[in-house]
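> What follows is a predicted structure for the sequence shown.
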Amino acid sequence: MSSNIEHWTRANSEFDDADAHERWSENEVSWGLWKTPEAEIGVLGDVSGLDVVELGCGTAYFSAWLARRGARVVGVDPTPVQPATARRMQAEFGLEFPLVEAFAEEVPLPDASLDLVLSEYGASLFADPSRWIPEAHRLLRPGGRLAFIRPSPLLYLCDVEDGRLTEPMRGMNRFEKPGNSDEFVLSDGDLFGLLRGTGFEVENLVEVYAPEGARRHEHYSYTSPEWARKWPAEEIWAARKPA
Ligand SMILES: C[S@@+](CC[C@H](N)C(=O)[O-])C[C@H]1O[C@@H](n2cnc3c(N)ncnc32)[C@H](O)[C@@H]1O
């Protein structure tokens, strides 16, 4: 997992740190590449009074949005410079919540201590699902929920410039990216099976398309808005640990 840290240390200096102020300034809760409003998706519900952890929080802007809505949030990230940026933002915006340096596969928080486990392209893409999903289940109280956004499997199977299917779906899991952070993307069926096998009830799967007028993300530019208006480049999952 050390190449992960090197990659995210570099990503922090190339983009995340500079982007943090703008993201922390946003009032709306939104998801992913196209900043799809949570008000349209409606997977989180009222978070006021909930104990929440964001796994792979980066500069912790998503955590900040939920803290402003009354959640008791903890941000978890293994790359030291990311919580360092988050701490600077906390001081600037006068909003404090705990930040813990850890991998999502092994979170130093107690069993059954949380109501919501969240990930926006953190654990949901960069942690091993066979380890972080059981870890999320361990952390949740009975009745607690897991919500995350990740890239769609289609994005990993297609040539995104012309839409041709180029990669096998069977067995898709770990995508090694020499010099970058490895990524984990299971097929929808395999992820559904993993969630169910871990003890979650799957509540929702929302395929996210690029909206009209979307522009290519200035940093995460691996998909074009033209492609992503026809095929979902992202998907949001919600699951519940039964009460
Ligand atoms: C793209 S950022 C996600 C944060 C934020 N939502 C964003 O979009 O900028 C990805 C984060 O995942 C973290 N990460 C990488 N591997 C991880 C792992 N195994 N467990 C938890 N977080 C991890 C990285 O340190 C990085 O800060």
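Thanks, I have the structure now. Residues are numbered from 1 along each chain as shown.

> From now on I want contacts and neighbour counts done on CA atoms only, so please keep to that.
Will do.

> Identify the residues contacting the most centrally placed residue in the chain.
A centroid search over the chain (C-alpha atoms, centre = their mean) returns E120, at 1.9 Å, as the residue closest to the centre. Residues in contact with E120 (C-alpha atoms under 8 Å, 6 or more residues apart in numbering) are 31-32, 56-57, 62, 148-150.

> so where's the protein shaky on pLDDT?
1-3 (pLDDT under 70).

> Residues of it that sit close to the ligand?
Neighbours of the ligand within the chain, by C-alpha under 6 Å from any ligand atom: 4, 8, 55-58, 77-79, 82, 103-104, 120-123, 126-127.

> Helices - which of these land there?
Residues of those located in helices (DSSP state H): 4, 8, 82, 123, 126.

> Need the residues that contact stretch 144-156.
31-32, 43-44, 114-121, 124-125, 136, 167, 169, 185-188, 207, 223, 231-243.

> hmm, 6 Å instead?
Contact with stretch 144-156 is made by 115-121, 124, 187, 233-241, as judged by C-alpha atoms under 6 Å, 6 or more residues apart in numbering.

> repeat for stretch 40-56
The contact list for stretch 40-56 (C-alpha under 6 Å, 6+ apart) reads 69-77, 104, 114-119, 122-123.

> Buried among the residues you listed? Make that a ChimeraX selection.
Buried residues within the contacts of stretch 40-56, by 16 or more other C-alpha atoms under 10 Å, are selected in ChimeraX with:
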select :71,72,73,74,75,76,77,104,114,115,116,117,118,119,122,123
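
> just checking, L157 touches E167?
Yes. Here L157 lies in contact with E167, judged by C-alpha atoms under 6 Å, at a distance of 4.6 Å.

> The two: who's more crowded?
L157 (16 against 13; other C-alpha atoms under 10 Å).

> tell me the contacts of that one?
Counting by C-alpha under 6 Å, 6+ apart, L157 has contacts 165-167.

> Return the member of the residues you listed nearest to the ligand.
E167 (23.8 Å; C-alpha to the nearest ligand atom).

> mind checking which helix or strand that closest one is in?
Of the helices and strands defined by DSSP states H and E, none includes E167.

> Likewise for A147?
Assessed by DSSP H and E, A147 sits inside strand 140-151.

> Same question for R196.
helix 188-198.

> And that helix, what's buried?
191-192, 194-195, 198.

> how about the CA coordinates for the next helix or strand after it, as PDB?
Following helix 188-198 in sequence order, the next helix or strand is strand 201-208 (DSSP H and E). Below are the C-alpha coordinates for strand 201-208, written out as PDB (Å, rounded to 0.1, in the frame of the first residue of the first chain):
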ATOM      1  CA  GLU A 201     -28.900  -5.400   2.900                       C
ATOM      2  CA  VAL A 202     -28.400  -3.500  -0.400                       C
ATOM      3  CA  GLU A 203     -30.800  -0.500  -0.500                       C
ATOM      4  CA  ASN A 204     -29.900   1.400  -3.600                       C
ATOM      5  CA  LEU A 205     -27.700   1.600  -6.600                       C
ATOM      6  CA  VAL A 206     -27.800   4.800  -8.600                       C
ATOM      7  CA  GLU A 207     -26.100   5.100 -11.900                       C
ATOM      8  CA  VAL A 208     -24.800   8.600 -12.300                       C
END
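
> Strand 201-208 - contacts with which helices or strands?
strand 234-240 (3 or more C-alpha pairs under 6 Å, 6 or more residues apart in numbering; DSSP states H and E).

> in the strand it packs on, what's buried?
234-240.
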